[in-house]
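Peer 1: Please find the sequence and the predicted model below.
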Amino acid sequence: MRSPYYKPQNGTHCTYTKLKPSAMPQKQKPSQTAHYIELGGYQYWPVLVPRGIRLYTYEQIPVFLRDNPYITDGYRAYLPSRLCIKSLFIVSNESVNMWTHVLGFLLFFCLGVYNMVSVLPSVGASREDYVIYSITLFCFELSMLCSVGFHVFCCHRSEKTSRRWMALDYAGLSIGILGCYVPGVFYTFYCNNYWRQVYLVAVLAMILAVFFAQIHPLYLSKQWKQLRSLIFCLVAGYGLVPTAHWIWLSGGFSSELVQVFVPRVLGMYSLAALALVFYISKVPERYFPGQLNYVGSSHQLWHLLLVLMFYWWHQSSCFIMAYRHSQPCPDAAAPG
Ligand SMILES: [Zn+2]
């Protein structure tokens, strides 16, 4: 039987919280609403569906959830897994974060099915094209799902569970970046099998290295926050090396494909840079603390820009794949 006094497991506020009296008609009976604790001075229950999932202010949430002081209210916290999932359907400060990537996943899933059935056959795609296209889409979809998982379960009452989902979110981002590299390297170095393999192996090794770095106990700590951002900048920025090499191998900017494809690469990097600026700077909520709790915060913009970036790169990959089929490699002996 649960005591009417419940101490949040990871809360820093050491005051015991008292269950709402109306929810506890008899002390000896376990209450249906035992999870729904009411903290000290909080006067009312939010009128939200499903009834009972409480939202908290920044001061009321456990330390491990405190990441952005400019988001002052609307936090879910102390929830068991079942209620984490249920909280997808209430309005909280994570709603937009969750749903942008649920919709992102659906976008890439539908796009994948449509292209596999109709677009790829129309450009004369080979088996290799299908494999590369499937890997790309799979990476994008997995990246979206890992992010959804984190935003759904970050409010779990166990800090360990919350941290695991956070690690998965970071892993998902690496997978998304891998999904950008694979078609990029494959189709730019389409006529140069040697460098294509070198860069594909290099990219895979780099992503694996990031995965291993995540095992380090300090990787997810706040002290390493800047280092994490730096690692992701390096992993993403590394793409400029094969890009520059490819431009040189293709004969510089006089090449027709370079002229068309380089702006697409730069477009992707601009979107990524913009996304990272929002992510790190916490703009715009920094200038409007408490006013963008639900809509318009930096993390939501980061999410939207990620979807847009993956979509942009998907379209660019389809473009260069179609180009490679319409303009075969100059050297007939060249692989591919
Ligand atoms: Zn996120």
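Peer 2: Now that the structure is in, tell me what you want to look at. Bear in mind the structure is a predicted one, so any value in this text is a computation, not a measurement. Numbers count the residues shown, from 1 in each chain.

Peer 1: CA only for contacts and neighbour counts going forward, please
Peer 2: Noted.

Peer 1: Which parts of this protein are strands?
Peer 2: 5-6, 17-18 (DSSP state E).

Peer 1: Neighbours of the residue lying closest to Ala236 once chain neighbours are set aside, how many?
Peer 2: What sits nearest to Ala236 in space, not counting adjacent residues and going by Cα to Cα, 6 or more residues apart in numbering, is Ile177, at 6.8 Å. Neighbour count for Ile177, taken as other Cα atoms under 10 Å: 22.

Peer 1: what's the answer for the one 4 residues further on, then?
Peer 2: Tyr181 sits with 21 neighbouring residues when counted by other Cα under 10 Å.

Peer 1: For Pro284, see how far away it is.
Peer 2: Relative to Pro284, Tyr181 is positioned 30 Å away (Cα to Cα, to the nearest Å).

Peer 1: same question, Glu159
Peer 2: 28 Å.

Peer 1: got it, and Arg54?
Peer 2: 26 Å.

Peer 1: Could you check which of these two is surrounded by more residues?
Peer 2: Legend: neighbour count by other Cα under 10 Å for Arg54 and Pro284, higher for Arg54 (24 against 17).

Peer 1: Tell me the pLDDT of the more buried one.
Peer 2: Predicted confidence (pLDDT) for Arg54: 86.

Peer 1: From what I see, it and Arg76 are in contact.
Peer 2: Yes - when contacts are counted by Cα atoms under 8 Å, Arg54 is listed as touching Arg76 (6.6 Å).

Peer 1: Going along the chain, name the helices of the stretch 101-250 of the chain.
Peer 2: 120-122, 127-153, 159-188, 193-213, 225-237, 240-249 (DSSP state H, counting those that start in this stretch).

Peer 1: Now do the last one: distance to the chain's middle.
Peer 2: What that stands for is helix 240-249. 28 Å (Cα atoms, centre = their mean, to the nearest Å).

Peer 1: what's the answer for the fourth one, then?
Peer 2: Taking Cα atoms, centre = their mean, the mean C-alpha location of helix 193-213 is offset from the chain mean by 21 Å.

Peer 1: now for it, which elements pack on it?
Peer 2: In terms of contacts (3 or more Cα pairs under 8 Å, 6 or more residues apart in numbering; DSSP states H and E), helix 193-213 is packed against helix 159-188, helix 225-237.

Peer 1: Please repeat the previous calculation with a cut-off of 10 Å.
Peer 2: The contact analysis (3 or more Cα pairs under 10 Å, 6 or more residues apart in numbering; DSSP states H and E) places helix 193-213 against helix 159-188, helix 225-237, helix 240-249.

Peer 1: Give me the contact list for the shortest one.
Peer 2: Read it as helix 240-249. 181, 184-185, 188-189, 192, 195-196, 198-199, 250, 252-255, 257-259, 261-262, 265-266, 269 (Cα atoms under 10 Å, 6 or more residues apart in numbering).

Peer 1: With just CA atoms, put that helix into PDB.
Peer 2: Extracted in PDB, the C-alpha atoms of helix 240-249 (Å, rounded to 0.1, in the frame of the first residue of the first chain):
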ATOM      1  CA  LEU A 240      33.300  18.800 -46.400                       C
ATOM      2  CA  VAL A 241      36.500  16.800 -46.900                       C
ATOM      3  CA  PRO A 242      35.100  14.300 -49.400                       C
ATOM      4  CA  THR A 243      33.100  17.100 -50.900                       C
ATOM      5  CA  ALA A 244      36.200  19.200 -51.600                       C
ATOM      6  CA  HIS A 245      38.000  16.100 -52.900                       C
ATOM      7  CA  TRP A 246      35.100  15.200 -55.200                       C
ATOM      8  CA  ILE A 247      35.100  18.800 -56.600                       C
ATOM      9  CA  TRP A 248      38.800  18.500 -57.400                       C
ATOM     10  CA  LEU A 249      38.400  15.000 -58.900                       C
END
